[in-house]
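In: coordinates only, no sequence provided:
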């Protein structure tokens with residue numbers, strides 16, 4: 001009976017041991033995770049404190065990063081304001097419809113009323129042959145010569161203002177109007193639309209190219225700064241590796257330092273752009289008022305602040321990673 005009880009109690013003891021062992025492994029994993037998080041927090045605090053121990057040197061680095069980031073961001077913001085200004089400009093493309101000289105006044109008015117009902121036409125302006133002749137006399141300064149003519153050579157004109165300024169829609173509307181028997185020819189004023197589209201595309205590509213070039217410059221600035229930090233703490237790194245510290249353990253403070261460089265550079269870039277917009281808002285508003293426009297410059301908002309700060313922080317983190325990947329692995333105790 002004693003042997004039987006011993007045999008029956010052995011599986012229970014093994015089960016309790018396995019249970020206790022599982023709890024022990026789980027506790028060690030949690031401790032490892034807590035230690036990892038605690039070290040990250042300590043390294044972030046240390047990087048923050050070290051950043052402000054040398055404010056002059058770090059401030060110059062941050063200023064360089066801020067200027068490099070502010071240039072493409074300001075160009076992109078300027079393009080956005082330019083598109084807003086053009087969108088509110090009254091000089092929209094129009095179609096000049098020249099009618100046959102034999103067309104009667106009643107037929108022309110009926111045709112104009114029909115065009116006003118067209119959903120793709122926003123406005124129709126009728127210019128009679130006499131009005132066209134009068135405007136030509138004033139603009140050409142040939143009033144006396146034209147007044148001596150017995151027959152008015154100018155036809156009636158309809159000026160069409162389309163609802164959609166897209167080039168394909170303008171061409172389609174011109175072809176549809178030109179197929180009418182009363183119409184002699186149609187002139188589409190889309191040259192400035194094409195120029196504007198090309199200028200906008202050119203500005204966007206210049207902005208992207210400049211942003212990529214200056215982002216590379218930011219990476220080089222951060223890489224060089226982190227390399228100097230690594231050299232200044234070379235003895236500390238050697239001692240840490242002698243006691244068993246891994247490369248991941250050693251590089252964490254430098255990664256947080258690079259992130260601080262980028263973050264503060266992005267925030268300062270946003271501040272520089274905001275100050276520049278504030279200084280330019282008054283003159284731009286005064287210039288717009290001379291053209292009877294209520295246009296005002298739109299500065300960077302909170303979304304721009306977050307995107308610029310986050311993007312710059314990631315650039316700083318990437319630059320720090322490149323620096324530590326090359327230099328820390330080369331520092332080995334002998």
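Out: Looks like it arrived, so ask away. Treat the numbers as computed from the prediction; the structure is a model and nothing was measured. Numbers count the residues shown, from 1 in each chain.

In: contacts, neighbours, all on C-alpha from now
Out: Fine.

In: what are the boundaries of the strands in the stretch 51-200 of the chain?
Out: Using DSSP state E, counting those that start in this stretch, the strands of the stretch 51-200 of the chain run over 95-99, 121-127, 157-162, 183-188.

In: which parts of the second one are buried?
Out: Translated: strand 121-127. 121, 123, 124, 127 (16 or more other Cα atoms under 10 Å).

In: ok, the nearest residue to the second one once chain neighbours are set aside - contacts?
Out: Think residue 123. Excluding the flanking residues, the one nearest residue 123 by Cα to Cα, 6 or more residues apart in numbering is residue 161, at 5.0 Å. Listed by Cα atoms under 8 Å, 6 or more residues apart in numbering, the contact set of residue 161 reads 92, 93, 94, 95, 121, 122, 123, 124.

In: state the distance from residue 161 to residue 173.
Out: Counting by Cα to Cα, to the nearest Å, the gap between residue 161 and residue 173 amounts to 11 Å.

In: pLDDT on the strand or helix carrying residue 206, on average?
Out: Here residue 206 sits within helix 191-232, counting by DSSP states H and E. For helix 191-232, mean pLDDT is 86.

In: tell me which residue is most central in this structure.
Out: The centroid of the chain falls nearest to residue 76 when counting by Cα atoms, centre = their mean (5.9 Å).

In: surely that residue is in contact with residue 207?
Out: Yes: proximity of residue 76 to residue 207 meets the contact threshold set by Cα atoms under 8 Å, at 6.2 Å.

In: where does the prediction get shaky in the stretch 51-200 of the chain?
Out: The stretch 51-200 of the chain contains residues with pLDDT under 70 at 86-92, 136-150, 152-153, 189-190, 192-193.

In: can you give me the helices for it?
Out: 55-87, 105-116, 129-140, 143-147, 167-178, 191-232 (DSSP state H, counting those that start in this stretch).

In: turn those into CSV, columns for distance to residue 287.
Out: Below are those laid out as CSV (distance: least, Cα to Cα, whole Å):
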stretch, distance to residue 287
helix 55-87, 12
helix 105-116, 35
helix 129-140, 27
helix 143-147, 36
helix 167-178, 30
helix 191-232, 21
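
In: and of those helices, who's closest to residue 332?
Out: Of all these, it is helix 191-232 that lies closest to residue 332, at 13.0 Å by Cα to Cα.

In: chain center to stretch 180-199, what's the gap?
Out: 31 Å (Cα atoms, centre = their mean, to the nearest Å).

In: ditto for stretch 124-140
Out: 46 Å.

In: show me what counts as buried in that stretch.
Out: So for stretch 124-140, counting by 16+ other Cα under 10 Å, buried means 124, 127, 128, 129, 132, 133, 137.

In: make a markdown table from the residues you listed and add distance to residue 286 to it.
Out: Output for the buried residues of stretch 124-140, formatted as a markdown table (distance: Cα to Cα, whole Å):
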| residue | distance to residue 286 |
| --- | --- |
| 124 | 33 |
| 127 | 35 |
| 128 | 38 |
| 129 | 40 |
| 132 | 35 |
| 133 | 37 |
| 137 | 35 |
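
In: what's the closest of these to residue 299?
Out: Nearest member of those to residue 299, counting by Cα to Cα, is residue 124, at 37.5 Å.

In: which residues sit in contact with that closest one?
Out: Residue 124 neighbours (Cα under 8 Å, 6+ apart): 112, 115, 116, 158, 159, 160, 161.

In: now the last one: how far from residue 195?
Out: The one in question is residue 161. From residue 161 to residue 195 the distance is 19 Å (Cα to Cα).
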